[in-house]
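K.L.:
Next comes the sequence, and after it the predicted model I'd like to discuss.
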Amino acid sequence: MLLKRPHVVALGTVIVLAVILLKLPARTAANLKLAISGLFLPVYGLADSTEQLANSASYAAVPKRQLIARITALESQQAQTQLQLMQVNEILHENRRLRQMLGLQQQFLWKTKIGRVVSRDPANWWRTMKIDLGSRDGVKTNATVLVPQGLVGRVAEVGFATSRVVLLGDPDCRVSVVVTDSNTRELGMIAPSSSSPLDDTLVELTYLARNSKLSSGMKVVTSGQGGVFPAGILVGQIADFRTIDGLYQAARVSHAARLSALEEVFVIVP
Amino acid sequence: MNRFNAITLLVVTYLVVWVQATFNEFRDLTGVQLDLLPSLVVYTALRSNLGGLISVAVFGGLLFDSVSANPLGVTMLPLFVGGSLIQQAREFILREQAYAQMILGLATSAAVPLVSLLILINVDAKPLIGWFSLWQWLVTSVMGAAFTPLWFRIFDAIALVLNYRPVGQSSFRPDREIKRGR
């Protein structure tokens, strides 16, 4: 009764199709995925336009006095930022000069592009998202993705107009980091998060040396090892830590960037 | 199933995947992203033919995998198997009853992620699973159960508004007409 012939034939066809798709070479499968997800480009644009329309409508409703106050605050903030920038530029020149004197390799400033988050992974077992930057914008695979607050993740797949970003805490995003303090520098690795689903602000930091001197609130930044992430990007702060079987220490890191509320991100381009 | 119903099903499938990928308010609140495709497959299995079921399972599965980090082809098989089992037994199901729809929605929404995970593990993918996955599974199943009867109401409303409806049979019979004379 439960095995009607047309259904058996259809089941066989779907199984064959699924196996063919699963056995495709990685590159072909990635290109096919990008082509299929391209079907959503018109609605991404539509959603973007709708949001812009809603924003402009809400701006029209804001009182003029409030806008002027906001502009004044931003002008004062900009003046302060300009002063800080002047100071940073001076330090940068000094750093370059000293590196040259010591024969060290010069550090280059990042070139970034701003991308909008267009979708998040609908599956509960991945932490990825799509942004509206692709190969046409110069984005490459493994490019670092960040926001002013800290590291977000890396680019995993690049399409013509969109890219898939794996976020911190995803099994596919491991980051070599350094726990820094005024007198400590401990190397470790950010691993997939095993935190609660209601709190996705924590990631695991493992393989810290057994005798590391850790304390809550210590800053965690990228180490630059591994060649994917540049050194010095803030990942977060240590929330708590424990010793694993007396062999090494592990900690939970509260990440600096709010990954669930991302709207725009910076991608470092070559 | 006429052409209008087939097109409506595909459009709704497309919109469902887009909504799941774009709107994250429920995920931010509960830590779980809703999966509405299994409940849509239950509706399709109970109301549509085999062609409709294949279209929704294959098209929906491909769209879902394309916006996800899932390898392409993982989702279509569990969706189709769930729908196919229901469709073959639908003559024995009180399919217009909301509670029957909810139970089928619950079972399918619970089974589809499990089979998907099984396939993922077998293709050497490393999904993020832990104790919290039980919570995600529970919420997804319950929400799938709640959404299944809604699909019936939504599609009925769409058909009522947009679809061609044949005029009902009139009870008028010319041979029984009373002819009034003077």
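P.N.:
Sure, I can see it. Because the structure is a prediction, the values reported are computed rather than measured.
K.L.:
Okay, helices next: where are they in the stretch 1-150 of chain A?
P.N.:
According to DSSP state H, counting those that start in this stretch, the stretch 1-150 of chain A carries its helices in the segments A:5-22, A:26-37, A:41-61, A:64-102.
K.L.:
Tabulate those helices (a markdown table), appending mean pLDDT, mean neighbour count and distance to A:G115.
P.N.:
Where you see a C-beta, it was placed from the backbone N, CA and C, and this is true even at glycine. Output for the helices of the stretch 1-150 of chain A, formatted as a markdown table (pLDDT from 0 to 100; neighbours: other C-beta atoms under 10 Å in any protein chain shown; distance: least, C-beta to C-beta, whole Å):
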| stretch | mean pLDDT | mean neighbour count | distance to A:G115 |
| --- | --- | --- | --- |
| helix A:5-22 | 93 | 15 | 28 |
| helix A:26-37 | 89 | 16 | 15 |
| helix A:41-61 | 80 | 11 | 12 |
| helix A:64-102 | 92 | 10 | 23 |
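K.L.:
how about TSV for those helices, with distance to chain B added?
P.N.:
Below are those laid out as TSV (distance: least, C-beta to the nearest C-beta, whole Å):
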stretch	distance to chain B
helix A:5-22	3
helix A:26-37	4
helix A:41-61	5
helix A:64-102	27
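K.L.:
Show me the shaky parts of chain B.
P.N.:
Filtered on pLDDT under 70, chain B yields the residue ranges B:1, B:182.
K.L.:
And the helices in it?
P.N.:
B:3-22, B:25-30, B:37-47, B:50-67, B:76-88, B:98-122, B:132-162 (DSSP state H).
K.L.:
Including distance to chain A and mean neighbour count, could these go into a markdown table?
P.N.:
Converted to a markdown table, the helices of chain B look like this (distance: least, C-beta to the nearest C-beta, whole Å; neighbours: other C-beta atoms under 10 Å in any protein chain shown):
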| stretch | distance to chain A | mean neighbour count |
| --- | --- | --- |
| helix B:3-22 | 4 | 18 |
| helix B:25-30 | 5 | 13 |
| helix B:37-47 | 9 | 28 |
| helix B:50-67 | 4 | 23 |
| helix B:76-88 | 5 | 24 |
| helix B:98-122 | 7 | 19 |
| helix B:132-162 | 4 | 17 |
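K.L.:
circling back: tabulate the helices of the stretch 1-150 of chain A in a markdown table, adding columns for distance to B:P38.
P.N.:
Listed next are the helices of the stretch 1-150 of chain A as a markdown table, based on distance: least, C-beta to C-beta, whole Å:
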| stretch | distance to B:P38 |
| --- | --- |
| helix A:5-22 | 15 |
| helix A:26-37 | 20 |
| helix A:41-61 | 22 |
| helix A:64-102 | 47 |
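K.L.:
A:S223: which of those is closest?
P.N.:
Smallest distance to A:S223 across the helices of the stretch 1-150 of chain A (C-beta to C-beta): 18.9 Å, for helix A:64-102.
K.L.:
OK, contacts around the nearest residue to A:V43 once chain neighbours are set aside?
P.N.:
Excluding its sequence neighbours, the residue lying closest to A:V43 (C-beta to C-beta, 6 or more residues apart in numbering or on different chains) is B:W18, at 5.3 Å. Residues in contact with B:W18 (C-beta atoms under 8 Å, 6 or more residues apart in numbering or on different chains) are A:40, A:43, A:119.
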